[in-house]
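S.K.: One predicted model, sequence on top.
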Amino acid sequence: MPIHKRYKKIIDVKVKDVMVSPVITLGINSSLNDAVEVMAKEKIGSLIIVDDSGKMAGIITERDIIYAASRGLFKKDELKVKDIMSKNVITVSADSNINEAIYKMRNHNVRHLPVIDNEAKPIGIISFRDLLDFAISILKIMLLPNES
């Protein structure tokens with residue numbers, strides 16, 4: 001029987017316990033080249049794009065950059081992140097249960113889930129990798145004998 005069927009215990013873990021914070025953001029009028037440079041420098045797979053008031057305006061991911069490159073958009077000097085970012089972003093709050101974050105990521109086929117506060121300002125992010133690391137930690141606790 002698969003492990004997820006053997007262990008029915010609900011773990012009350014909040015998004016804030018798994019998210020990466022502070023989140024790296026970039027202004028909405030930044031160039032696509034700026035986004036690529038920040039992502040490469042910080043070794044991250046996504047950037048939260050914010051408006052002038054610091055509210056989330058969108059997200060740009062590695063996938064968005066690949067699509068832009070495949071369409072030849074990098075040849076345009078003035079291409080802004082707002083031109084290719086995803087605007088209707090799926091988000092979660094810090095106090096949500098981690099199960100909600102997993103559900104949203106699976107159902108909307110996204111690998112990066114911004115965490116926002118009540119004013120729509122980004123305070124963190126959860127990636128598929130963060131969830132995988134969390135799951136591995138839980139499995140180690142459940143399956144490995146106590147170390148003395």
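M.R.: Looks like it came in fine.

S.K.: So for this structure, which residue is the most central one in space?
M.R.: residue 112 (2.5 Å; Cα atoms, centre = their mean).

S.K.: Touching, it and residue 60? I think so.
M.R.: No. Contact between residue 112 and residue 60 fails when scored by Cβ atoms under 8 Å: they sit 9.7 Å apart. Every residue, glycine included, has its C-beta placed from N, CA and C.

S.K.: Ramachandran coordinates for residue 36?
M.R.: With angles defined as degrees, to the nearest 10, residue 36 sits at phi -60, psi -40.

S.K.: Let me see the contact set for the nearest residue to it once chain neighbours are set aside.
M.R.: Of all residues not flanking residue 36 in the chain, residue 65 sits nearest, at 6.2 Å (Cβ to Cβ, 6 or more residues apart in numbering). For residue 65, the contacting residues are 32, 35, 36, 39, 84, by Cβ atoms under 8 Å, 6 or more residues apart in numbering.

S.K.: if I look at residue 65, how far off is residue 21?
M.R.: 23 Å (Cβ to Cβ, to the nearest Å).
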